[in-house]
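Participant: A predicted structure for the sequence below; I have some questions about it.
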Amino acid sequence: MTAVESLTDDLEPLTAEEVLADAVDRFHPRLLVATSFQKEASVIFDMVMKIEPSVGVFTLDTGVHFPETYETWKAMEDRYGVTIEGLRGPRPERLWETDPDRCCELRKVIPLRNRLAGAGAWVTGLRREQSSERRGTPKMDWDHKHGLWKVNPLADWSERDVWRYILANDIPYHPLHDRGYESIGCEPCTSPGAGREGRWAGTDKLECGLHGD
Ligand code: SF4
């Protein structure tokens, strides 16, 4: 068994809070939390703020999010008294209509890569049940694409687990979840739908290119 496999196995029985606390112990201040303002991000943000509020939190500000996404951004900052860093890349007009892969690369993939350079680990809200592509998500693994550790505390959480935590802790969440949007990205590329079926609906595109090798 490799060191990466051993670490991944060691973390599997831990709760989400324990995985996050372990990541803070190992990596802070070289730990970064990525937030998309979706329901999973609300959970992780709340947990991190309770463990170590000085951990850096960022979002990919593509400039074409729903107004409700920007409202949720402000609500999270107000609730916890912190600033969430917005990462921005080039934003060619309406590139999503002609070349969505290039659009994601410019607005998301490159700003993310630049921000993660030099960090020790990053935290995401990936869950195994979100899609077949995410079914094998470990709680922590080496991110070959970006050259650092990737921590997924909610990997084994169900949709119900997420909502139970949000309601029990009375934390802000994205209002579009109450209007039929289970997964929320940029406004031009997101429709209402279950799971990730509302993302790039009608095309064969499934991911932005932020995750995977
Ligand atoms: S999700 Fe759509 S608008 Fe957002 S970066 Fe990707 S292609 Fe562009």
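Facilitator: Received it, and whenever you're ready, just let me know what you need.
Participant: list the contacts of the helix or strand of the chain with the lowest mean pLDDT.
Facilitator: Of all helical and strand segments in the chain, the minimum by mean pLDDT, DSSP states H and E falls on helix 3-11, at a mean of 78. Residues from elsewhere that reach helix 3-11, judged by CB atoms under 8 Å, 6 or more residues apart in numbering: 1, 19, 22, 138, 139, 140, 141, 142. Where you see a C-beta, it was placed from the backbone N, CA and C, and this is true even at glycine.
Participant: which positions within that helix qualify as buried?
Facilitator: Using 16 or more other CB atoms under 10 Å as the test for burial, helix 3-11 gives 7, 8, 11.
Participant: under the pLDDT cut-off, which ranges of this protein? List them.
Facilitator: 1, 196, 200, 202, 204-205, 212-213 (pLDDT under 70).
Participant: residue ranges of the strands in it, please?
Facilitator: 31-34, 56-60, 85-87, 121-123, 140-143, 148-151 (DSSP state E).
Participant: residue 98: neighbour count?
Facilitator: Residue 98 has 9 neighbours, counted by other CB atoms under 10 Å.
Participant: distance between the ends of stretch 74-85?
Facilitator: Stretch 74-85 has an end-to-end distance of 12 Å (CA to CA, to the nearest Å).
Participant: got the buried residues for that stretch?
Facilitator: Quick answer for stretch 74-85 (16+ other CB under 10 Å): 75, 76, 80, 82, 84.
Participant: pretty sure residue 143 contacts residue 151?
Facilitator: No. Using CB atoms under 8 Å, residue 143 makes no contact with residue 151, being 9.5 Å away.
Participant: what sits in contact with each of those two?
Facilitator: With CB under 8 Å, 6+ apart, residue 143 and residue 151 have common neighbours residue 122.
Participant: those two: which has the busier surroundings?
Facilitator: Legend: neighbour count by other CB under 10 Å for residue 143 and residue 151, higher for residue 151 (28 against 18).
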